[in-house]
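Colleague: sequence first, then the predicted structure:
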Amino acid sequence: MSIRTKVAGWLLRGVHPRDPSLIDLFGGQLTAAGVSVNADSAMRVAAVYSCVRVISESLASLPLILYRRKPGGGRERATDHWLYPLLHSRANGWMGSMAWREMCTAHMCLRGVSYTRIVGDKRGRVQLVPRHPDFVRCEQLSNGRLAYMFRQPSGGAEPLLQEEVLRVPFLTLDGVRPVTPIELHRETIGTALASQQHHNRFWANDARPRGGWISVDGDFKDDKERVKFRDQWQQHVSGVNAGKVAFLKKGMTYHPFEVKAEDIQYIESQKLSRSQIAGLYRVPPHMIGDLERATFTNIEQQSIDFVVHCMQPWAKRWEQEIPAALLTEAEQEQYYVEHLFDGLLRGDATSRANYFRTAVLTGWMNRNEVREIENMNRADGLDEFLSPLNMAPADLLAEAIKGKVTQS
């Protein structure tokens, strides 16, 4: 019996009770607000959708480059390596690199992990095929390595070993099974969902509370007459007659149940939920449309905080897992991958101009390097590194002064 067959039987024997795929399969856990929350229902909350979209789109739009370490120091783009076009251009025959990484990052935000099947053909070509986490079961073998069971939506299953899968986890408490903000903060998201559903029902009734009561001067003859009047009233003001004018007999007064807007506190509760959800994903509020506290003086700093405290951890997860899954141990000593954050940190034209001016005048960047960053072609004669005339290394300046004194 092959190790793959053994792994398949072992994975199919049982399912961990905290497996997120099982929780989502049965509709998610019921929260105190009375709504069921899972990865799919959470996306109906605008703040969750916005956070997932901001993180996945921002990360996927960054160029992911495979670099080669040069023997004498420095680095260069490894454009001749088979992995370079997969990461930079197309992950497989039907998905570009951005679409693949955007999908996988969204899986990480919603389900805590992303899985990509590493597929090779007879001609040695490799494709990276993403798989939905709900159809993947992962367990740790006794030797410490991971094993997977990929279930097909149409039926059947495929056992895979660790070297056949690129797995990028978001957060784990045991090193194997993922947890997500949705799993850990179902109550917060459930409150937002319940508030949204209540608001929708309120407006579906023309922003009027349902029901009311009628006062009568006097009394009905008996209970039978009172029930008959109630049924007639209900028939004239509900169904196809909803919204029509009703007529009451003399001595009757209709009193609707009134609910003031400030009693519902819908806007305030939505603001609180949006702020809490943004905090769960560490996304600045202005990135998901909340500009209440954004100003011209702090929005640039918030954007920098977004790159440093939100995007960099996501990027680092990818940068560490890709070489481990797709490169040999010998190649990992020579190659590494890195996201280019220059696009997110470009700033305005004036700030970039001052930055490049300082870099060129202090001699640690030449003018052609600046042109490349600004997507301009290289020009002849601009490869030299400049040095200010009024600055020189201290030891050379001392020698020059000493030589001048000696000559005099």
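Modeller: The structure has been received and is ready for your questions. Numbers count the residues shown, from 1 in each chain.

Colleague: and Thr350, how many neighbours?
Modeller: Close neighbours of Thr350, defined as other C-beta atoms under 10 Å, add up to 8. (C-beta placed from N, C-alpha, C; glycine too.)

Colleague: that one: what's it in contact with?
Modeller: Neighbour list for Thr350: empty [criterion: C-beta atoms under 8 Å, 6 or more residues apart in numbering].

Colleague: tell me the first helix or strand C-terminal of the helix or strand where it lies.
Modeller: Thr350 is part of helix 349-361 when elements are defined by DSSP states H and E. Downstream of helix 349-361, the first helix or strand assigned by DSSP H and E is helix 367-373.

Colleague: mind jotting down where the strands sit in the stretch 151-300 of the chain?
Modeller: Under the criterion DSSP state E, counting those that start in this stretch, strands of the stretch 151-300 of the chain are mapped to 157-161, 165-169, 212-216, 252-256.

Colleague: what would those strands look like in a markdown table with mean neighbour count and mean pLDDT?
Modeller: Formatted as a markdown table, those follow (neighbours: other C-beta atoms under 10 Å; pLDDT from 0 to 100):
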| stretch | mean neighbour count | mean pLDDT |
| --- | --- | --- |
| strand 157-161 | 17 | 91 |
| strand 165-169 | 19 | 95 |
| strand 212-216 | 11 | 70 |
| strand 252-256 | 11 | 72 |
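
Colleague: which one's the longest strand in the protein?
Modeller: Determined from DSSP state E, the single longest strand within the chain is strand 113-120.

Colleague: next SSE after that one?
Modeller: strand 126-131.

Colleague: quick check: buried residues in that next one?
Modeller: Using 16 or more other C-beta atoms under 10 Å as the test for burial, strand 126-131 gives 127-131.

Colleague: of all these, which comes closest to Asp290?
Modeller: Nearest to Asp290, judged by C-beta to C-beta, of those is Pro130 at 30.9 Å.

Colleague: which pLDDT does the model give that closest one?
Modeller: You'll see Pro130 listed with a pLDDT of 95.

Colleague: same deal with Ala42?
Modeller: pLDDT recorded at Ala42 is 88.

Colleague: surely it meets Leu184?
Modeller: No - judged on C-beta atoms under 8 Å, Ala42 makes no contact with Leu184 at a distance of 12.0 Å.

Colleague: who has more neighbours out of these two?
Modeller: Between Ala42 and Leu184, counted using other C-beta under 10 Å, the more crowded position is Ala42 (26 against 13).

Colleague: OK, contacts around that one?
Modeller: 48, 110, 182, 189, 193.

Colleague: let's see it at 7 Å
Modeller: Residues in contact with Ala42, defined by C-beta atoms under 7 Å, 6 or more residues apart in numbering, are 48, 182, 189.

Colleague: give me the phi and psi for it.
Modeller: Torsion angles at Ala42 (phi, psi; degrees, to the nearest 10) stand at phi -60, psi -30.

Colleague: distance of it from Arg274?
Modeller: 13 Å (C-beta to C-beta, to the nearest Å).

Colleague: try Met252
Modeller: To Arg274, Met252 is 46 Å away according to C-beta to C-beta.
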